[in-house]
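Undergrad: next comes the sequence, and after it the predicted model I'd like to discuss.
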Number of protein chains: 2
Amino acid sequence: MSTDRHVTRRSDLIQSIRRTGISAMLITNPKNVSYLTGFTGDDSYLLIGPDQLQLFSDSRFQTQLQDECPDIPAEIRTARLLMPDFLAQLLPKFSLKVLGIESTSLVVSVRDLLVEKLKPVEVVSQPGLVEELRTIKDEGEIAEIRLAVRQAERGFELMKSMLLLNMTERQAAHDLEHGMRRFGALKAAFEPIIAVGDRAALPHYRPGLRRFDESGFALVDWGAVSSRGYHSDLTRMLVTSKLPPKLHHVYGVVLKAQQAGIAAIRPGARCQDVDAAARTVIEQAGYGQYFGHGLGHGIGLDIHELPRFSPISTEVLKPGMIITVEPGIYLPGVGGVRIEDDILVTNDGYEVLSSVPRDAPTSAG
Amino acid sequence: MSTDRHVTRRSDLIQSIRRTGISAMLITNPKNVSYLTGFTGDDSYLLIGPDQLQLFSDSRFQTQLQDECPDIPAEIRTARLLMPDFLAQLLPKFSLKVLGIESTSLVVSVRDLLVEKLKPVEVVSQPGLVEELRTIKDEGEIAEIRLAVRQAERGFELMKSMLLLNMTERQAAHDLEHGMRRFGALKAAFEPIIAVGDRAALPHYRPGLRRFDESGFALVDWGAVSSRGYHSDLTRMLVTSKLPPKLHHVYGVVLKAQQAGIAAIRPGARCQDVDAAARTVIEQAGYGQYFGHGLGHGIGLDIHELPRFSPISTEVLKPGMIITVEPGIYLPGVGGVRIEDDILVTNDGYEVLSSVPRDAPTSAG
């Protein structure tokens, strides 16, 4: 059922559209369609503007559209007509001059077809309008992300409680996902990264056949998707025996960097300054070359959203943003340490939404 | 480790590239990069042409690239440089005139950046070269899809054996995915569709809180991903009590349509004729308007690949293609029936890779 919050979002988007000078937007990113309408299917486009509101879908979703957003008119195509041709038939009645497209998610081939088929309507790239709205979470969204954080945390506790040292990374990853679902998650936010020993030096490792008892520690990066589609994203070191002395030292550096990054979060802070606050700690400890990724990213309906914490990000923090802070140091052949939490920007500072303990684990040294 | 089959695929692609007149392709679709190199990470591009072979990645993947495709040179960017700028720095040494891009997967905004930054290199859309190669599965790929089918089937058997009638669709979906993983699947090929009662009329329903004992039947559409990333895709009706008489009749029509579609599969057959063979059965039974989607699609590294069985598809079948056949009839408010199997095109006909029983279930009538 489409609700007041969807009406508010559409109204905000129409304000943005008015500022651009285009006639209307064709929303093609399924997450954005869902954000604006409540419809949870995919392959459906939303035309929205000051005088336009129309969904374009196909017969697979006809009943679902009636259930989820009965207040929005929907045109339904059959399997005999591709979407660009369908739009070409129906768009003339909306008297458009310039149609904006979501160029950061629409693929080139569909854009080219739209340009050709929709003539004389001018098709222009108008990226980021909905993504910009999505950076600020409303109360319902904040509650959903809190839920997704809690589902991730409880899944992690359950996985740890079930862990056998002769299990593989992949078995543990499956238990972790099943655990999060047991506590109400729709699914894992992404394939959990569980990287034993020196595999932890690979920031985007996929869990494999390495067993926990082949080393004394693992890096675990995981998150949950709440039933309404919101993501959490956490990373912890799971120490089953002991960290090697080198990584024990690195752990302290990463934790200090994370605390410095989090402490820099407040409305008005520049995202690149937050990145720098953490990065400087790592650089001054001599590990700058081993921290090759950005400090963090927004989370919401996607696992990676705006804003970004990176040396080149240009955004400024605002209340209602929710962003990860996840510095890491990766030593090839030895292992890596990353610590990640999800942070809400409040009216006067920040709130750490996640609460898994992150004290320095015992060293083998 | 990059193997002979990756070398063969790159060699086949270079033949395709020569036929187009472009200097080289920039492969940006992660599945295509993986298909050509063996690298299983993402966010990495492959430049490939008669005189070019170069990966562009970032420091997250440095070690993984050395492990997975040590024979392919890789340039590694830092977080301070975006990919289009990184390419702009490095591409001049490859003396390109015309660079092809994968326009069916590359987003408009990245294309626009490449066009701007890579001048004077001309950037042109060259869709489908790798996808075309991927339609024909080699022996290793066929074995992987057989495995994914078997993992899906065993997961389904396990889920059925654990089913309680007061479970929700979502709980059963979680058990199904966990079951497939237990038999070696990497994950589910997509969020399983488990739709109880009249929800089965929604072809792309997402499992919710409906309980099995609220009706006598459910539609289950599911698949597995093998550890090397290949997909299976199956649909069965799960009858926990009895089908309503109307759907019992419909079941017979859908099964007959599926058998007609499968029987039409052979090398040289046109995909639209296979679609028509099944669709005619449904139309002649008077249900044409309730079958709104195409008859099937290729499976492989993606869950939806070429070719497609639809009234407007233009492809012709060749040995080595693996395609679903999945007619359905959806009666709003009553329920729906879909039956889906995965079919290999052989040298002289077809082989049904899946073997879950699909006899007509008992009717309540």
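TA: Looks like it arrived, so ask away. Numbers count the residues shown, from 1 in each chain, chains lettered A, B, ... in the order given.
Undergrad: tell me where the stretch 1-150 of chain A has strands.
TA: For the stretch 1-150 of chain A, strands defined by DSSP state E, counting those that start in this stretch occupy the ranges A:24-27, A:45-49, A:52-58, A:74-77, A:98-101, A:122-125.
Undergrad: now whatever residue of the stretch 1-150 of chain A ends up closest to chain B. Nearest residue, chain neighbours left out?
TA: Nearest to chain B, among the residues of the stretch 1-150 of chain A, is A:Ser59, at 2.8 Å (C-beta to the nearest C-beta). The C-beta positions use only the backbone N, C-alpha and C, and glycine is treated the same way. Using C-beta to C-beta, 6 or more residues apart in numbering or on different chains and skipping the chain neighbours, the partner closest in space to A:Ser59 is B:Gly292 (2.8 Å).
Undergrad: could you check the pLDDT of A:Thr40?
TA: On the pLDDT scale, A:Thr40 is placed at 89.
Undergrad: what sits against it?
TA: Neighbour list for A:Thr40: A:Ser34, A:Gln64, A:Glu68, A:Gly229, B:Arg206 [criterion: C-beta atoms under 8 Å, 6 or more residues apart in numbering or on different chains].
Undergrad: measure it to B:Pro207 for me?
TA: Distance, A:Thr40 to B:Pro207, by C-beta to C-beta, to the nearest Å: 12 Å.
Undergrad: just to revisit the earlier point, tell me how many other residues crowd the residue of the stretch 1-150 of chain A closest to chain B.
TA: Neighbour count for A:Ser59, taken as other C-beta atoms under 10 Å in any protein chain shown: 17.
Undergrad: how close does it get to B:Ile194?
TA: Here A:Ser59 is placed at a distance of 21 Å from B:Ile194 (C-beta to C-beta).
Undergrad: just A:Ile323 next, same as before
TA: Remark: distance between A:Ile323 and B:Ile194 (C-beta to C-beta) = 35 Å.
Undergrad: the stretch 201-350 of chain A against chain B: which residues are in contact?
TA: Counting by C-beta under 8 Å from any C-beta of the partner chain, the residues of the stretch 201-350 of chain A close to chain B are A:201-206, A:292-294, A:310-312, A:330, A:332.
Undergrad: distance between the top helix by length along chain A and the chain's centre?
TA: What stands out as the longest helix in chain A, according to DSSP state H, is helix A:139-162. Offset of helix A:139-162 from its chain centre (C-alpha atoms, centre = their mean, to the nearest Å): 15 Å.
Undergrad: about what we covered before: identify the residues contacting the residue nearest to A:Ser59.
TA: Taking C-beta under 8 Å, 6+ apart, one finds A:Asp58, A:Ser59, A:Arg60, A:Gln62, A:Thr78, A:Ala79, B:Pro203, B:Tyr330 in contact with B:Gly292.
Undergrad: follow-up on the earlier one: return the closest of the residues of the stretch 201-350 of chain A next to chain B with respect to B:Asp348.
TA: Minimum distance to B:Asp348 across those is 39.0 Å, recorded for A:Arg206 (C-beta to C-beta).
Undergrad: what sits against the closest one?
TA: Residues in contact with A:Arg206 (C-beta under 8 Å, 6+ apart) are A:Glu191, A:Ile193, B:Thr40.
Undergrad: returning to what we had before: and the residue nearest to A:Ser59, what helix or strand is that in?
TA: In the assignment (DSSP states H and E), B:Gly292 maps to no helix and no strand.
Undergrad: need the per-residue pLDDT for it.
TA: In this model, B:Gly292 carries a pLDDT of 86.
Undergrad: for it, give its distance to A:Phe61.
TA: Distance of B:Gly292 to A:Phe61, given as C-beta to C-beta: 10 Å.
Undergrad: what do you get for A:Phe86?
TA: Between A:Phe86 and A:Phe61 the distance, using C-beta to C-beta, works out to 14 Å.
Undergrad: those two: who's more crowded?
TA: A:Phe61 (25 against 20).
Undergrad: that one touches B:Ala201, doesn't it?
TA: No: counting by C-beta atoms under 8 Å, B:Ala201 is not a contact partner of A:Phe61; they are 11.4 Å apart.
Undergrad: please see if stretch A:110-126 touches chain B.
TA: Yes: Stretch A:110-126 reaches chain B (C-beta under 8 Å from any C-beta) through A:Arg111, A:Asp112, A:Ser125.
Undergrad: list the buried ones in that stretch?
TA: Neighbour counts over stretch A:110-126 (16 or more other C-beta atoms under 10 Å in any protein chain shown) mark A:Val110, A:Arg111, A:Asp112, A:Leu113, A:Leu114, A:Val115, A:Lys117, A:Leu118, A:Val121, A:Val123, A:Ser125, A:Gln126 as buried.
Undergrad: once you drop chain neighbours, what's closest to A:Ala278?
TA: In space, A:Ala278 is closest to A:Gly261, 3.4 Å off (C-beta to C-beta, 6+ apart).
Undergrad: report pLDDT for that neighbour.
TA: For A:Gly261, the pLDDT comes out at 98.
Undergrad: okay, now it: neighbour count?
TA: 27.
Undergrad: next, the contact list for it, please.
TA: By C-beta under 8 Å, 6+ apart, the residues touching A:Gly261 are A:Val274, A:Asp275, A:Ala277, A:Ala278, A:Leu295, A:Gly296, A:Phe309, A:Val325, A:Pro327.
Undergrad: from A:Leu295, how far off is it?
TA: Distance from A:Gly261 to A:Leu295, counting by C-beta to C-beta: 6 Å.
Undergrad: correct me, but A:Gly335 touches A:Tyr205?
TA: No: using C-beta under 8 Å as the test, A:Gly335 is too far from A:Tyr205 to be in contact (10.9 Å).
Undergrad: mutual contacts of the two, please.
TA: By the contact definition C-beta under 8 Å, 6+ apart, A:Gly335 and A:Tyr205 are jointly contacted by A:Arg199, A:Leu219.
Undergrad: looking at these two, which has the bigger crowd around it?
TA: Higher neighbour count among A:Gly335 and A:Tyr205: A:Gly335, with 27 against 24, using other C-beta under 10 Å.
Undergrad: if we can go back for a sec, pLDDT check: weakest of the contacts of B:Gly292?
TA: pLDDT across the contacts of B:Gly292 is at its lowest for A:Ala79, which sits at 69.
Undergrad: now do the contacts for the residue most central in space within chain A.
TA: Residue closest to the average C-alpha location in chain A (C-alpha atoms, centre = their mean): A:Ile303, at 1.7 Å. Counting by C-beta under 8 Å, 6+ apart, A:Ile303 touches A:Ala189, A:Phe190, A:Gly223, A:His231, A:Asp233.
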